[in-house]
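missing the sequence, but the structure's below:
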């Protein structure tokens, strides 16, 4: 008999990140299971809190009468009954807690994809209770009494023993009072049936898609063979590096189809920004109502319905962004991560997990395969492939039509020197005019990603950088004395009005908005039909799809926008792509700036010439000699990788080494800074010999900071950060464990204990964005 339950309290505070023992009421013993969500009295005031049952015991350290009792069992949200596979969820949460430094409660909320269940949609069905003979006799009575509405309903029920309430009341014109009378007479029953929304209203097509090339077929056969050879709790990981338009999606579909034919299920992850109608339709036409989709535009109830359909086994394939990774499939066989390089795959709240890593662990637990795909793979994935840790496949040629575009790089410094102060270079202006005359389409991409106040000289292209971290310095306003600051190590220097390299006064923080550029385009090309796509124009539900559909239907000549226009879209009518201000992301304030720029420019260039006509790309930049821009212009990933990985090795940035950001926040600036200083001293003074309690310094082990965050104060919280570098990820985990102990193990140091109680500490391993 189970007397006690071990409960994880749903409070994200490390001091409470442990198991608490509760008595199990006799009435709950049969219903309670590992993974059940419960409500328990907690603390001195017995505040009712939610918790997760992690296990059971027959004994406790305290007398039974001193142990509090579970108050109630919470009805699990649709699709997320942990009881179906409690061991899997608990193990995954524990793995994430250890790897990323979250509390167990935060990890549990993540793996359960905890969110509002939303309103359950139910439909009422009217069901005949009589036998056909009895019903025909009753029908004669209704007709004799001229009860025409009841006779009409009964006549239809003889044809179809179950009818929707809405059909009966609206089409048969039978009142609810008449239905109630027949129910009371025992003639029929009214059932409330849960109705799960299905966002896919497309029947599977008889077409099998385009015929695979020999190279595509080899990739599919190899991945499926890897799956067939897998043993329980093992994983096979492959990286598919294919140029834009090389047919990666067809490879994904065929892999998924073959693994689903073996009775397994599939998760297809696509960044939200790339979830185009075109891509979804290709999956829908193959899998029909056995595929579903989740995205941020859906309501809580619509998403919960898809989780429930997955739990019931009504679908085989789910498509969606990062959150779809936790779909409750019980027979998962394959996970595909398209555009695996996308930074949106990194979760920015605790636990700050990397989707690639969690997907690999989930695949391992299910004995599944993981396929990563991109035209511009992340350096982390390509590094692993080059090290032989994962398979590497390549698709080098476009198979979906068209050839790679011709790319021209325009030096905007020379444009300025020639007297052109427009945002359009002379070459791009002429090419837009040419496309308008021919009736062809153009896309103009404004590269704003990563911009956080960097300063540039428009005459020579000089950008001030940190001498210690080799990242661009950020401009702080006059409130901070007009200084240029590094948000990694805290280095700063005075801002300047004239360029220290060439003496020019054309020194400015690069700023430009899509709305302003749209106005300029309308003045310059009054005959052009222009669509703008940015955060402002895509706020409404379906607005994103409407803009893309209008452009795909050639209802516009020019599509202007930020990075959302260059992700995964296929417009055969586009023969020109112009990239404005390529430098904006190149000088973002983090070490991945060159990688981000190369990826964005390569993806943008890949939108041109995907039809039968050749395409042109114009890259406008103040730094044409920068290796990220040179290699993007040539679509040369290998060349970029070799130069970028040399920089990462020199500076000990991921993937050449690992890095952990310890992020400290507090409403009290002094408390945050003191806690940061104490953490640095503790980690710097650890023993040189590793043991279970302290991390060991190793060659190259390095602590940087503390420094102010990219926003030193945000939402009334002061922010400081420490960066720790190490070749071994396990060393960073031990450092994380050491910091976690500091938060709760300040016995005898009341002053420091009070300081740590005032701060919030978070960990970010191999961070994607600056803190």
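Structure received. Since we're looking at a predicted model, the values are computed, not measured. Numbers count the residues shown, from 1 in each chain.

Now do the contacts for residue 173.
149, 152 (Cβ atoms under 8 Å, 6 or more residues apart in numbering). Bear in mind the C-beta positions are built from the backbone N, C-alpha and C, glycine included.

ok, now with 10 Å
Taking Cβ atoms under 10 Å, 6 or more residues apart in numbering, we find residue 173 in contact with 148-149, 152-153.

With residue 45 instead?
Shown in contact with residue 45 (Cβ under 10 Å, 6+ apart): no residues.

what's the helix or strand for it?
Residue 45 belongs to no helix or strand when assigned by DSSP states H and E.

Repeat that for the one 4 residues further on.
Of the helices and strands defined by DSSP H and E, residue 49 is found in strand 47-57.

Any regions of the stretch 51-200 of the chain where pLDDT drops low?
75-85, 113-120, 195, 197, 200 (pLDDT under 70).

Can you show me the helices along it?
Counting by DSSP state H, counting those that start in this stretch, the stretch 51-200 of the chain has helices at residues 86-100, 104-111, 132-144, 148-159, 165-170, 176-184.

can you check the stretch 201-350 of the chain too?
Assignment of helices within the stretch 201-350 of the chain using DSSP H, counting those that start in this stretch yields the ranges 214-229, 248-260, 277-287, 300-312.

Looking at those helices, which one is packed in the most?
Mean neighbour counts were taken over those using mean count of other Cβ atoms under 10 Å, and the top value, a mean of 23, falls to helix 248-260.

Need the helices of the stretch 51-200 of the chain in TSV (columns: distance to residue 558 and mean neighbour count).
Putting the helices of the stretch 51-200 of the chain into TSV (distance: least, Cβ to Cβ, whole Å; neighbours: other Cβ atoms under 10 Å) gives the following:
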stretch	distance to residue 558	mean neighbour count
helix 86-100	43	19
helix 104-111	41	24
helix 132-144	66	13
helix 148-159	56	18
helix 165-170	46	16
helix 176-184	56	15
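
ok, what's across the strand from the spatially closest residue to residue 337 that is not a sequence neighbour?
Excluding the flanking residues, the one nearest residue 337 by Cβ to Cβ, 6 or more residues apart in numbering is residue 269, at 4.7 Å. For residue 269, the beta-bridge partners are residue 320, residue 337 (DSSP bridges).

number of nearby residues for residue 269?
Here the number of neighbours of residue 269 (other Cβ atoms under 10 Å) works out to 24.

Ok, residue 8 next?
Neighbours around residue 8, by other Cβ under 10 Å: 23.

could you check the distance from residue 169 over to residue 178?
Using Cβ to Cβ, to the nearest Å, we find residue 169 at a distance of 10 Å from residue 178.

Local confidence estimate at residue 647?
Residue 647 carries a pLDDT value of 93.

that older thread, want to throw the helices of the stretch 51-200 of the chain into JSON lines with distance to residue 428?
Below are those laid out as JSON lines (distance: least, Cβ to Cβ, whole Å):
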{"stretch": "helix 86-100", "distance to residue 428": "44"}
{"stretch": "helix 104-111", "distance to residue 428": "45"}
{"stretch": "helix 132-144", "distance to residue 428": "76"}
{"stretch": "helix 148-159", "distance to residue 428": "67"}
{"stretch": "helix 165-170", "distance to residue 428": "57"}
{"stretch": "helix 176-184", "distance to residue 428": "66"}
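
now for those helices, which one comes closest to residue 676?
helix 86-100 (20.0 Å; Cβ to Cβ).

So which elements touch that closest one?
Applying 3 or more Cβ pairs under 10 Å, 6 or more residues apart in numbering; DSSP states H and E, we find helix 86-100 packed against strand 47-57, helix 104-111, helix 355-366, helix 729-744, strand 760-765.

Please state the offset of stretch 490-498 from the chain centre?
36 Å (Cα atoms, centre = their mean, to the nearest Å).

Of all the residues in that stretch, which ones are buried?
490-492, 495 (16 or more other Cβ atoms under 10 Å).

Run through the residues that contact the residue nearest to residue 337.
Shown in contact with residue 269 (Cβ under 10 Å, 6+ apart): 318-325, 335-340, 342, 345, 355-356, 359, 372.

try residue 346
Residues in contact with residue 346 (Cβ under 10 Å, 6+ apart) are 322, 352-357, 764-769.

what do you get for residue 423?
412, 415, 444, 446, 512, 516-517, 520-521, 524, 578, 580-581, 620.

Which of those residues sits closest to residue 307?
Among the contacts of residue 423, residue 446 lies closest to residue 307 (Cβ to Cβ), at 36.8 Å.

and which of the buried residues of stretch 490-498 is nearest residue 86?
Nearest to residue 86 among these, counting by Cβ to Cβ, is residue 490 at 46.1 Å.

Surely the closest one is in contact with residue 710?
No - the criterion here is Cβ atoms under 10 Å, and residue 490 misses it with residue 710 at 11.9 Å.

Name the residues contacting each of the two.
Contact criterion Cβ under 10 Å, 6+ apart; residues shared by residue 490 and residue 710: residue 721.

picking up where we left off before, any common contacting residues for residue 169 and residue 178?
The contact sets of residue 169 and residue 178 overlap at residue 153 (Cβ under 10 Å, 6+ apart).

about what we covered before: please state the offset of the strand holding residue 49 from the chain centre?
30 Å.
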